[in-house]
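Enquirer: no FASTA, just this:
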């Protein structure tokens, strides 16, 4: 049987894919810290629910709504979860195809309180999202 | 819940890494491993193949005078993937590194590491340490 934290992480990803921001935010602690790598506008440390909305809105806008996310695998324990996502997107003639490892730690109420969002091919990710505009440090 | 066999295997690999016996790490790495080092410092980049990765390990050990140590807080694994949440500490001259690193691993059918990528909770600190 799947660990409950794995199921909840699948639900978080599903909420993002369906654009259901309130359901997305239910999964995150109020003081969540979100780490994203790279040197683009969607890089750096995002804090709180506002930060989560800024990051995901930026992703969605920068990909022109073309982003497709496929859940490849989930690893979960009581304190940590990692989900492996195949992410593709297209913009003009540019194409993105990366594997993202999204890590999260779980607080006492079962919400994500620290998250790491990590594409394997960072240079490709940076190039694709270089024009995004919703980042914050 | 029963621990997946790749969990103790990774724990052994980390013990070997901390011991500095990097040639012994070879047993845990796929021949065609790709090791992504993120950030913006002199060690950043992709290391392809087991020899390149072992060379990277040796360089890290040299630059930190053997002080870099990893301590896993959690290891999650199945047949195909693993993730490690680990504290990494090191000294380099007067500089100190102390970060929590989230690491992703793809595993081959023998449980060897075939791809590695990682992100620290303070990437600026990592960049400053290595630059």
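Expert: That came through fine. No experiment lies behind these values; they were computed from the predicted model shown.

Enquirer: helices along chain B, start to end?
Expert: B:6-19, B:22-25, B:50-63, B:123-130 (DSSP state H).

Enquirer: so which of those comes closest to chain A?
Expert: Nearest of the helices of chain B to chain A, taken as Cβ to the nearest Cβ: helix B:123-130 at 6.3 Å. Placement of C-beta: from N, CA and C, glycine included.

Enquirer: pull the distance from that closest one to the chain's centre.
Expert: Distance, stretch centre to chain centre, for helix B:123-130: 16 Å (Cα atoms, centre = their mean, to the nearest Å).

Enquirer: can you list the residues of chain B near chain A?
Expert: B:36, B:38-40, B:73-74, B:76-78, B:80-83, B:85, B:102, B:104, B:115, B:117-121, B:123 (Cβ under 8 Å from any Cβ of the partner chain).

Enquirer: low pLDDT regions in chain B?
Expert: Within chain B, the segments meeting pLDDT under 70 span B:1.

Enquirer: I'd like the helices of chain B written out as a markdown table, with mean neighbour count added.
Expert: Below are these laid out as a markdown table (neighbours: other Cβ atoms under 10 Å in any protein chain shown):
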| stretch | mean neighbour count |
| --- | --- |
| helix B:6-19 | 17 |
| helix B:22-25 | 15 |
| helix B:50-63 | 16 |
| helix B:123-130 | 18 |
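
Enquirer: redo these as JSON lines? Include distance to residue A:88.
Expert: Formatted as JSON lines, the helices of chain B follow (distance: least, Cβ to Cβ, whole Å):
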{"stretch": "helix B:6-19", "distance to residue A:88": "28"}
{"stretch": "helix B:22-25", "distance to residue A:88": "33"}
{"stretch": "helix B:50-63", "distance to residue A:88": "28"}
{"stretch": "helix B:123-130", "distance to residue A:88": "25"}
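
Enquirer: the helices in chain A, which residues?
Expert: Going by DSSP H, chain A shows helices at A:4-17, A:21-26, A:48-62, A:122-128.

Enquirer: could these go into a markdown table alongside distance to chain B?
Expert: Shown next, in a markdown table, are those (distance: least, Cβ to the nearest Cβ, whole Å):
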| stretch | distance to chain B |
| --- | --- |
| helix A:4-17 | 10 |
| helix A:21-26 | 20 |
| helix A:48-62 | 14 |
| helix A:122-128 | 6 |
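
Enquirer: show me which residues of the least confident helix or strand in chain A by mean pLDDT are buried.
Expert: Across the helices and strands of chain A, mean pLDDT, DSSP states H and E gives its lowest value to helix A:122-128, namely a mean of 88. Under the neighbour-count criterion of 16 or more other Cβ atoms under 10 Å in any protein chain shown, helix A:122-128 has A:122, A:125, A:126, A:128 buried.

Enquirer: next, work out how far apart the spatially most central residue of chain A and chain B are.
Expert: A centroid search over chain A (Cα atoms, centre = their mean) returns residue A:117, at 5.6 Å, as the residue closest to the centre. Separation of residue A:117 from chain B (Cβ to the nearest Cβ, to the nearest Å) stands at 8 Å.

Enquirer: please tell me how far that residue sits from residue B:64.
Expert: Applying Cβ to Cβ, to the nearest Å, the value for residue A:117 to residue B:64 is 28 Å.
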